[in-house]
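Student: sequence below, structure please.
(chains A and B)
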Amino acid sequence: MNESIGLFAITLFMLITVFFTGYFLQETSRKGVFFGVRVPAAYMGSEEVKGILRRYKKSFLISFIIYAVIYLALMCMYPNPGVMIIGILAFIIVLNVNYYKTHKEIKLLKGRENWVKDSKNVIIVDTEFRKSKDKKMVVSKWWFIIPVVLIIFNVIIALVRYPNLPDVLPRHWNGKGVVDGWSNKSYLLVLALPIVETLLTGIMFGMYTAIGRAKQDLDSENIEASKERSRRFRRFWSAFAAGMACFIAADFTMLQLNTLAILKTSPTFMIVSYVFEFGIVIVVVIGSLLIGQGGSRIKVIENKNGEKIAINRDDDKYWKLGDFYYNPDDPALFVEKRVGIGWDFNYARPAAKIIMGFIAILIIGVIVLAIAMITK
Amino acid sequence: MLLKIDFESEVPIYLQLKNQIIEGIAQKELVENDSLPSVRQLAEDIGINMHTVNKAYNMLKDDGFIKLDRRKGAVISRVPCRVTEEYKNKLQDEMKAVIAEAYCKGMKEEEFKEICSSIFKEYERRTES
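Tutor: Below you'll find the predicted structure:
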């Protein structure tokens, strides 16, 4: 019973989160891009564009309510993690159908009204973008020393303690911090946590690197302001990546000390851990909504006399479905997303294709697992 | 400095890059020991092949505007660099084409010289200030 209440709370929380990200999709996107289509500043405020946005919100709201009712009803009837996972995937479909409908509408409007007639394919790049000494683009990479030291510590302590360990070790703790899974002692078992920890730290460091390297994508109408926005945006998320790596390492160290029976988990520790995990989700949601993609929601003092090059850029051809960047001439692996918040791949790069292949296998695996959970 | 790359221009991208960097040096937006982004980073920011950036950097190096340092990457050299015989010949060739066009359009020598000197003065003003 306790488990299903927990599951229900997670579901509800997730529903609220995804509702906001979908409903405010345009508000948090980059300036000058409307549902994956570049729209010149002059047309952005027009009645037609506003009408399209209104229709999107209405359609999203209605489909979301229908979806949420069905989903919550299913969750009440079958409180099962499998149902939850399928539900998340179903939501991704709901979101994408709504997005794509709107994307096509604006694309048609752009073609019909011929907004590209005075646009140019011109890009502005600042050679000093990553060099400003007093205003760093990302937090120091030395933050990652903390997880690295903790991983080494976890490996050493496992090897030192190994000969004195009992033959059976705790492997899993339930929500109250009580051991409910045991395993026979083996080197793999005592090193499992540091291995996963290394992997997660690697992912966080990859995210950190991508944030620093991603394309500048300056707004030619207001170069200085867009530079400052981009800087704060990158600084926030790079700090988030470094902080996550430190937090995960600290959490795993606690678990490792428990596995090796150096510490005994108290229920208080589990609560602290939950509060942290909840806090992370809150930071992601609030950060996304307040900062926006590329810092588009940050207010910075705009220098009206600053350098200004008015161009209507038209690079829609590189964005498949408005959302997937595909440019074989571009060596960049990471780009800022055009719709929504975060970073994405240049899908023309072989590395991106390989990674996406792995992710596809992973998703199929999750679906199979979810179906297995439901039918069990 | 800000680089403005036009993908639809008749001027090839490596030349746009090279010309704008030289202009940046003339306008004192780039000064001695300033470093330029790495070949890979600049190619990623603009979204072009790395060979294109490499070509521009190599031409700038051959002309003595930048030094390619193993550790620091591309670094702006000291200007003025030397006027070589080779450069004079190249300049004459290029000017011939430009002046021929101006002559055919009926531009007077005085008018042409005025444009030249106003551009020169602009760069000299920047150097003094």
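
Student: residues in chain B within reach of chain A, list them.
Tutor: Within chain B, the positions near chain A by C-beta under 8 Å from any C-beta of the partner chain are B:1-8, B:30, B:35-37, B:40-50. (C-beta placed from N, C-alpha, C; glycine too.)

Student: let's see which of those end up in helices.
Tutor: Counting by DSSP state H, the part of the residues of chain B next to chain A found in helices is B:40-46, B:50.

Student: adding neighbour count, pLDDT and distance to A:R338, write those out as a markdown table.
Tutor: Formatted as a markdown table, these follow (neighbours: other C-beta atoms under 10 Å in any protein chain shown; pLDDT from 0 to 100; distance: C-beta to C-beta, whole Å):
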| residue | neighbour count | pLDDT | distance to A:R338 |
| --- | --- | --- | --- |
| B:R40 | 15 | 91 | 23 |
| B:Q41 | 23 | 91 | 21 |
| B:L42 | 23 | 94 | 22 |
| B:A43 | 21 | 94 | 20 |
| B:E44 | 24 | 93 | 17 |
| B:D45 | 27 | 92 | 16 |
| B:I46 | 26 | 92 | 17 |
| B:M50 | 15 | 93 | 24 |
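
Student: nearest to chain A, of these?
Tutor: Of all those, B:E44 has the smallest distance to chain A: 3.7 Å, by C-beta to the nearest C-beta.

Student: burial count for the nearest residue to the closest one once chain neighbours are set aside?
Tutor: Using C-beta to C-beta, 6 or more residues apart in numbering or on different chains and skipping residues adjacent in sequence, the residue nearest B:E44 is A:A332, 3.7 Å away. For A:A332, the count of nearby residues is 23 (other C-beta atoms under 10 Å in any protein chain shown).

Student: what of A:I286?
Tutor: Neighbour count of A:I286, defined by other C-beta under 10 Å: 10.

Student: what about it, helix or strand, and which?
Tutor: helix A:267-291 (DSSP states H and E).

Student: so who does residue 33 touch?
Tutor: No chain was given, so I picked chain A. A:V33 is in contact with A:39, A:338-339, counting by C-beta atoms under 8 Å, 6 or more residues apart in numbering or on different chains.

Student: chain B, not that one
Tutor: Residues counted as contacts of B:N33 (C-beta under 8 Å, 6+ apart) are B:75-76.

Student: and it, which of the three is it?
Tutor: Of the three states, B:N33 takes coil according to DSSP: H, G, I helix; E, B strand; the rest coil.

Student: torsion angles phi and psi at it?
Tutor: Backbone torsions of B:N33, given as degrees, to the nearest 10, read phi 70, psi 0.

Student: and B:Y87, by the same measure?
Tutor: B:Y87 adopts backbone torsions of phi -70, psi -40, taken as degrees, to the nearest 10.

Student: count of residues packed around the residue nearest to it when sequence neighbours are not counted?
Tutor: In space, B:Y87 comes closest to B:D63 once its chain neighbours are excluded; the distance is 8.0 Å by C-beta to C-beta, 6+ apart. By other C-beta under 10 Å, 15 other residues sit near B:D63.

Student: B:D63 and chain A: what is the separation?
Tutor: Distance, B:D63 to chain A, by C-beta to the nearest C-beta, to the nearest Å: 18 Å.

Student: residue ranges of the strands in chain B, please?
Tutor: B:2-6, B:66-69, B:73-76 (DSSP state E).

Student: nearest to B:T84, of those strands?
Tutor: With C-beta to C-beta as the criterion, B:T84 lies closest to strand B:66-69 of the strands of chain B, at 16.8 Å.

Student: what pairs with that closest one, parallel or antiparallel?
Tutor: strand B:73-76 (antiparallel) (DSSP bridges).

Student: quick one: mean pLDDT for the strand it pairs with?
Tutor: Averaged over strand B:73-76, pLDDT sits at 90.

Student: equivalent analysis for stretch A:292-301, please.
Tutor: Stretch A:292-301 shows a mean pLDDT of 80.

Student: just the strands of chain B: most buried one?
Tutor: Most buried of the strands of chain B, by mean neighbour count (mean count of other C-beta atoms under 10 Å in any protein chain shown): strand B:73-76, with a mean of 19.

Student: please report how far the most far-flung residue of chain B relative to its centre lies from chain A.
Tutor: Distance from the C-alpha centroid of chain B, by C-alpha atoms, centre = their mean, peaks at B:G106 (28.1 Å). Distance of B:G106 to chain A, given as C-beta to the nearest C-beta: 31 Å.

Student: low-confidence ranges, chain B, go.
Tutor: For chain B, applying pLDDT under 70 flags the ranges B:129.

Student: distance to A:V116 added to the strands of chain B, as TSV?
Tutor: What follows is those, written out as TSV (distance: least, C-beta to C-beta, whole Å):
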stretch	distance to A:V116
strand B:2-6	15
strand B:66-69	37
strand B:73-76	35
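
Student: now for these, which one comes closest to A:V83?
Tutor: Among those, the nearest to A:V83 by C-beta to C-beta is strand B:2-6 (51.2 Å).

Student: what angle do the closest one and helix B:39-46 make?
Tutor: Calculated by axes from the mean of the first three to the mean of the last three C-alpha atoms, to 10 degrees, strand B:2-6 forms an angle of 60 degrees with helix B:39-46.

Student: who does strand B:2-6 pair up with?
Tutor: For strand B:2-6, pairing defined by DSSP bridges yields strand A:122-126 (antiparallel).

Student: tell me which helix or strand comes right after the strand it pairs with.
Tutor: helix A:145-161.

Student: list the buried residues for that next one?
Tutor: A:146-147, A:150-151, A:154-155, A:157-158, A:161 (16 or more other C-beta atoms under 10 Å in any protein chain shown).

Student: stretch A:187-194 now?
Tutor: Residues of stretch A:187-194 classed as buried: A:190-194 (neighbour count, 16+ other C-beta under 10 Å).

Student: what's the offset of that stretch from the middle of its chain?
Tutor: Centre-to-centre, stretch A:187-194 and its host chain are 28 Å apart (C-alpha atoms, centre = their mean, to the nearest Å).

Student: what's the neighbour count on A:F91?
Tutor: Residues near A:F91, counting by other C-beta under 10 Å, number 19.

Student: what about it, distance to B:V79?
Tutor: According to C-beta to C-beta, to the nearest Å, A:F91 stands 60 Å off from B:V79.
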